[in-house]
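**Q** Need the 3D shape of this:
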Amino acid sequence: MRLVIVSGRSGSGKSTALHLLEDNGFYCIDNLPAGLLPVLARQATQADLNLPKVAISIDARNLASDLERFPELLEKVRSTGIRCDILFLAATDEVLIKRFSETRRKHPLTDANQSLAEAIAAELRLLEPIIDLANLKIDTSHLTLYQLRDLLKQRLLGSEQHTPSVLIQSFGFKRGVPVDSDLVFDVRCLPNPYWKPELRPFSGKDEQIRTYLEAQPDVQEMYQDIFNFLKKWLPRFAAGERSYMSIAIGCTGGHHRSVYIAERLVRELGPSTPNLLIRHRDLP
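**A** Numbers count the residues shown, from 1 in each chain. The predicted structure is shown next:
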């Protein structure tokens, strides 16, 4: 049996994730009281129920005491031999406030004495026991609904191959570091094609940028250092039973240097790294 626990901040996309899993054959339960998690696990493994794939959401609507006990409850589930993945969806405070303001929905923790901003901060504190144990974290701040669904398909459903899902993501520091990153490489010290007017309209996927960057000794040296590090350590991360890993490559705007490095890494690591994915967060 495979169990996926979906958690995250209110407004980050938990309902989208649960609907996607339901569409792909998972038996889904929204807002399960965390204290019932071991009971659900025992019942779902009974032969007469025949539930090979189950997804549940656990969030801040739970009792605070049950959320504090989450590590203990999870250990009881995993001791039965059930494969359990924890997906945590996050977004920045600013994005969440904007989403709630646009939809006019009520945050589950707001009341007469607690504003939206205070509720969002309190929710994050309540969910810390789950955040610490999540093996897949996705920052939805810059994702549309359709982009989130596509990314979840790649990362969650692709992981059914029982090989670690490795995402290499380019980004621009001017829009913030992806909060779901396990490793971050900063390539802003490399020559920047942006300052060449004739190269500015292109991206790191285009031949013009590749030709320019490949002629720079610093680019070659940094690329080899990053490549050699990942070539050596990715198999060891996989041996440590990690199901998901996110590697972020950042430059200033996320259009040129980071995209070039990410594309080249995927191309050259691909033959030895199954289930390797790529995403360019800040490309149009």
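**Q** would you list every one of the helices in this structure?
**A** 14-23, 37-44, 64-68, 70-78, 93-103, 116-126, 128-133, 145-152, 207-214, 217-239, 257-269 (DSSP state H).
**Q** which one of those helices lies closest to Gly250?
**A** helix 257-269 (5.4 Å; CB to CB). Quick note: C-beta positions are derived from backbone N, CA and C, even for glycine.
**Q** Show me what that closest one is packed against.
**A** strand 165-172, helix 207-214, helix 217-239, strand 244-251, strand 276-280 (3 or more CB pairs under 8 Å, 6 or more residues apart in numbering; DSSP states H and E).
**Q** closest to Arg149 out of the ones you listed?
**A** Among these, strand 276-280 comes nearest to Arg149, with 13.5 Å by CB to CB.
**Q** Show me what that closest one is packed against.
**A** Applying 3+ CB pairs under 8 Å, 6+ apart, one finds that strand 276-280 contacts strand 165-172, helix 257-269.
**Q** Just say which of those is most tucked in.
**A** Ranked by mean neighbour count, the helices and strands packed on strand 276-280 are led by strand 165-172 with a mean of 25 (mean count of other CB atoms under 10 Å).
**Q** Report the angle between that one and strand 244-251.
**A** When axes from the mean of the first three to the mean of the last three CA atoms, to 10 degrees is applied, the directions of strand 165-172 and strand 244-251 differ by 20 degrees.
**Q** Tell me which residues are up against strand 165-172.
**A** Strand 165-172 has contacts (CB atoms under 8 Å, 6 or more residues apart in numbering) with 136, 154-155, 158-159, 177-178, 181, 204, 234, 243-255, 258-259, 261-262, 265-266, 269, 273, 275-283.
**Q** just to revisit the earlier point, so which of the helices of the chain comes closest to Lys53?
**A** In terms of CB to CB, the element of these nearest to Lys53 is helix 14-23, at 7.9 Å.
**Q** what pairs with the nearest residue to Ile29 once chain neighbours are set aside across the strands?
**A** Excluding the flanking residues, the one nearest Ile29 by CB to CB, 6 or more residues apart in numbering is Ile56, at 4.5 Å. Listed beta-bridge partners, Ile56: Ile5, Ile29 (assigned using DSSP bridges).
**Q** Can you give me the distance of Ile56 to Leu40?
**A** Distance, Ile56 to Leu40, by CB to CB, to the nearest Å: 7 Å.
**Q** Overlap in contacts, these two.
**A** 29, 32.
**Q** With neighbour numbers in mind, choose between these two.
**A** Neighbour count, other CB atoms under 10 Å: between Ile56 and Leu40, Ile56 has more, with 24 against 17.
**Q** can you pull the contacts of the residue sitting nearest the centre point of the chain?
**A** Centroid check for the chain by CA atoms, centre = their mean gives Ile138 as the closest residue, at 2.4 Å. For Ile138, the contact set (CB under 8 Å, 6+ apart) comprises 13, 87-90, 148, 151-152, 155, 180.
**Q** Then Leu199?
**A** Going by CB under 8 Å, 6+ apart, Leu199 touches 193, 208-209, 212, 256.
**Q** buried residues in the helix or strand of the chain with the lowest mean pLDDT?
**A** Of all helical and strand segments in the chain, the minimum by mean pLDDT, DSSP states H and E falls on helix 37-44, at a mean of 85. For helix 37-44, the neighbour count (16 or more other CB atoms under 10 Å) marks 37-38, 40-41, 44 as buried.
**Q** circling back to that earlier point, can you flag the buried ones in the contacts of strand 165-172?
**A** 136, 154-155, 159, 178, 181, 204, 234, 243-251, 253-255, 258-259, 261-262, 265-266, 269, 273, 275-276, 278-283.
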